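Pasting the sequence and the predicted model now:
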Amino acid sequence: MNTMPEDRKVILITGTSKGIGLYLAQHYISKGFQVIGCSRNSVDFSDSLYTHICADISEEQDILEIYKFIRKDIKRLDVLINNAAINPAIVSAALLPYETISQTFRTNVFAPMLFCREAVKLMTRNKFGRIINMGSMASKHEVPGEALYTSTKTALNAYSRVLAKEVAKAGITVNVIAPSAIKTELSGKINPMALQEVLSRNAIAEYGEMNDVSNIIDVLIKEESSAITGQIIYLGGV
């Protein structure tokens with residue numbers, strides 16, 4: 001039986017087994033949210049306010065199963081954070097295998113689109129919703145060797161801006177947060193010297209912090225932030 005208080009907001013975060021996703025899950029648990037997280041792997045923590053679902057988000061059926069659980073057992077969704085993404089290789093566009101292109105788009109673009117599609121259906125019921133899609137400074141800096149990753153994040157930017165216009169009357173906002181480079185497993189795969197060169201183009205030429213991301217998300221998901229939508233917010237002065 002669902003005994004969750006009616007006023008407790010529910011947040012769904014993808015990619016919560018590590019990095020920014022793990023940090024955000026624990027951050028919003030500490031703020032009293034009911035957090036639902038998903039990733040391919042399990043997590044090494046537990047909390048009464050946290051439910052973890054192992055799923056391959058590149059598969060539509062896995063995403064639909066997550067929402068089946070939410071509709072049946074939770075019965076509401078207030079916030080969606082599309083955080084999960086992959087950046088499989090720094091490689092010339094001329095050398096990208098089709099399967100790598102396909103898998104990256106399925107994870108970085110198709111999955112967030114499907115999560116948004118299903119979230120909007122739930123959020124519309126309550127005339128309230130906050131959708132945060134995680135972007136990247138790569139969309140601005142256009143780094144050689146990152147054509148694939150950059151293309152996926154740029155596509156997500158465009159999708160988010162259009163979606164924001166479609167769902168505004170339902171009380172739903174859609175924004176993109178594009179962090180500066182943060183020390184995670186994903187950024188650890190990039191050549192440190194190359195990454196530092198890219199960071200030098202920012203107003204703040206240093207690695208970002210996890211709380212940079214949570215600080216801006218905290219603002220965007222407030223009920224009072226209903227006028228902030230369709231924005232792509234680059235952190236670090238990109």
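Sure, I can see it. Numbers count the residues shown, from 1 in each chain.

Can you give me the pLDDT of M1?
M1 carries a pLDDT value of 40.

With G188 instead?
61.

cool, the one 3 residues further on as well?
At N191 the predicted local confidence, pLDDT, stands at 62.

for the one 5 residues further on, same thing?
The pLDDT attached to Q196 in the predicted structure is 75.

longest helix of the chain?
Looking across the chain with DSSP state H, the single longest helix is helix 147-167.

By mean pLDDT, which helix or strand of this protein comes out lowest?
helix 192-199 (a mean of 74; mean pLDDT, DSSP states H and E).

Name the next helix or strand downstream of it, please.
Once helix 192-199 ends, the next helix or strand along the chain (criterion: DSSP states H and E) is helix 210-220.

Past that following helix, which element shows up next along the chain?
strand 232-234.

low pLDDT regions in this structure?
1-6, 185-192, 194-195 (pLDDT under 70).

Let's see that with 50 instead.
Residue ranges of the chain with pLDDT under 50: 1-2.

ranges for the strands of it?
For the chain, the strands defined by DSSP state E occupy 10-14, 34-39, 50-54, 79-82, 129-134, 172-178, 232-234.

Now do the second one against strand 50-54, angle only.
Spelled out, it's strand 34-39. Orientation check (axes from the mean of the first three to the mean of the last three C-alpha atoms, to 10 degrees): strand 34-39 against strand 50-54 gives 20 degrees.

A25 - nearest residue in space that isn't next to it in sequence?
Residue nearest to A25 in three dimensions, not counting chain neighbours: T16, with 4.4 Å by C-beta to C-beta, 6 or more residues apart in numbering. C-beta here means a position set from N, CA and C on the backbone, and glycine is covered the same way.

Run a quick neighbour tally on the one you found.
28 (other C-beta atoms under 10 Å).

Could you do L156 as well?
By the measure other C-beta under 10 Å, the count of residues near L156 is 25.

Give the closest residue to it in space, chain neighbours not counted.
In this structure, L156 finds its nearest non-sequential neighbour in N133, 5.4 Å apart by C-beta to C-beta, 6+ apart.

What's opposite the one you found in the beta bridge?
Taking DSSP bridges as the rule, N133 bridges to N82, V176.

thought it was touching A178?
No - counting by C-beta atoms under 8 Å, N133 does not reach A178; the two are 9.5 Å apart.

So those two - more neighbours on which side?
Counted by other C-beta under 10 Å, N133 and A178 do not tie: N133 has more neighbours, with 25 against 22.

The more buried one: what's it in contact with?
N133 sits next to N82, P112, C116, L156, Y159, S160, V174, N175, V176, I177 when contact means C-beta atoms under 8 Å, 6 or more residues apart in numbering.

same thing but 7 Å
Residues near N133 by C-beta atoms under 7 Å, 6 or more residues apart in numbering: N82, P112, L156, S160, V176.

Within its local environment, how many residues does the last one see?
Going back to what we said before, that points to V176. V176 has 25 neighbours, counted by other C-beta under 10 Å.

Just to check, it is in contact with G135?
Yes - counting by C-beta atoms under 7 Å, G135 is a contact partner of V176 at 4.3 Å.

which residue packs closest to V174, ignoring adjacent ones?
Per C-beta to C-beta, 6+ apart, closest to V174 is A164, 4.0 Å.
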